[in-house]
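1. With the sequence up front, the predicted model follows.
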Amino acid sequence: PAEEAAESDAGIEPLTITFNSSYNETETGGILAGYFKSTLEELSGGAITVNVSYGGTLFTPDDELDACGDGAINMMIFGHTRHTNELPVLCAIPDFAPESIQNAIDYFNYVLADPDAGAAIQAEADAYGIKYLSVNAGGPNYFLANFAFENLTDLVAKSAAFGNMAPAKFEKIGFKNIVGVFPWDYYSAFDTGLMDASQMDGPAMFSMSLFEVAKWWMSDGTFAAGNFITVNQDWWNGLSAAQQEVIQAAADETSEFSYTYNQGEYEKLEQGLVDNGVTLVDMTDAEFEAWWAAIFDSAASDAQAVASANGNLDAVNAVLKAAADFTGYAFE
């Protein structure tokens, strides 16, 4: 073991990394940042130290893109969806992937590796002076309601006030009355009758104890990904080959861990819902096809509208085409 450890850090110069996490240490993004830190320090045989600042104490989610691009930080675990205006090409990827947590990682990696889409995404990143090393899995998404329903069709028919701040995709599947409610207000909105149904990230809704005010939940068949491990380009280019290799290896291992971790959390979530008296409802295959079409079409429409204004429609269409190819969706 001592001999293997000596080999593991052979040729790796000492390095201290300033790493920003806008997530708290106990949130999924923070857990992944902590895993990256411990993995890299181990793989480098202690030659590399990662100083992680959690909870946006160094830079907030709104500020971290500029901070990484300007070199104020070396690395970050990056929640890209907050930066639609700054990174419209990357954010053109419809946020969620169908079928499974692993599929969500593969989906993003497929788009990033596509010759046209990947080049467009990296060109956009170049303008900010950043580079994406790996993508990480997120959690499952759910519909939920405070009334009994049998499937998505039944939910749409029965809901009198569906709460969400992004109505387009829900209108496409037939919801008639969509009220604007921010996620942090979901509990009180259910409790007061302002809304009777909604959809969001399952673990987040569980952490808000929405199972107390909405007893019927249905997985919507989509899973999130993102939280890119991202580096400042100038800093990265100044590293030795050995340093780059071990940092990339730690980023790749973190991506693999993100699947294992989120899969475990998904299973615990479903059990936790049952333990708290929630009825889990199934969506039919036909309903999912309609739901995925609504997700993709509304995301594509938004992305193309932004791209038309910014003059990068070809780049956005390349990203949408790659995303559609991976999911088998017929996108024109």
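-> Good, I have the coordinates. This one's a predicted model, so the numbers in the text were calculated from it and none came from an experiment.

2. Point out the other helices and strands that the lengthiest helix in the chain packs with.
-> Ordering each helix of the chain by length in residues (DSSP state H) puts helix 241-275 first. Judged by 3 or more Cβ pairs under 8 Å, 6 or more residues apart in numbering; DSSP states H and E, helix 241-275 is in contact with helix 28-43, strand 48-53, helix 101-113, strand 130-145, helix 202-207, strand 216-232, strand 279-281. (Each C-beta comes from the backbone N, C-alpha and C, glycine too.)

3. Of all the ones you listed, which one is nearest residue 69?
-> Closest approach to residue 69 among these is made by strand 130-145 (5.4 Å; Cβ to Cβ).

4. Confirm that residue 73 sits in a helix.
-> No. Assignment of residue 73 by DSSP: H, G, I helix; E, B strand; the rest coil gives coil, placing it outside any helix.

5. Now do residue 27 against residue 82, distance only.
-> Look at residue 27 and residue 82: by Cβ to Cβ, to the nearest Å, they are 15 Å apart.

6. Please disregard the earlier target; I meant residue 161.
-> 27 Å.

7. again, but for residue 173
-> 26 Å.

8. swap in residue 224?
-> For residue 224, the distance to residue 82 - Cβ to Cβ - is 14 Å.

9. Mind checking which of the two has more residues around it?
-> Neighbour comparison, residue 224 and residue 82: the larger count goes to residue 224, with 22 against 16 (by other Cβ atoms under 10 Å).

10. Wait, residue 55 touches residue 22, no?
-> Yes. The pair residue 55 and residue 22 qualifies as a contact (Cβ atoms under 8 Å) at a distance of 7.3 Å.

11. who has more neighbours, those two?
-> Set side by side, residue 55 and residue 22 show more neighbours around residue 22, with 25 against 14, by other Cβ under 10 Å.

12. I figured the more buried one hits residue 52, correct?
-> No. Here residue 22 lies out of contact with residue 52, judged by Cβ under 8 Å, at a distance of 11.3 Å.

13. Low-confidence ranges, this structure, go.
-> Counting by pLDDT under 70, the chain shows low-confidence ranges at 1-10, 332.

14. ok, now with 50
-> Within the chain, the segments meeting pLDDT under 50 span 1-9.

15. which one of the helices and strands packed on helix 241-275 lies closest to residue 289?
-> Taking those one by one with Cβ to Cβ, strand 216-232 is closest: 9.8 Å.

16. now the angle from the closest one to helix 241-275?
-> 170 degrees (axes from the mean of the first three to the mean of the last three Cα atoms, to 10 degrees).

17. in its sheet, what does strand 216-232 sit against?
-> Strands adjacent to strand 216-232 in the sheet, as given by DSSP bridges, are strand 75-78 (antiparallel), strand 96-98 (antiparallel), strand 130-145 (antiparallel), strand 279-281 (parallel).
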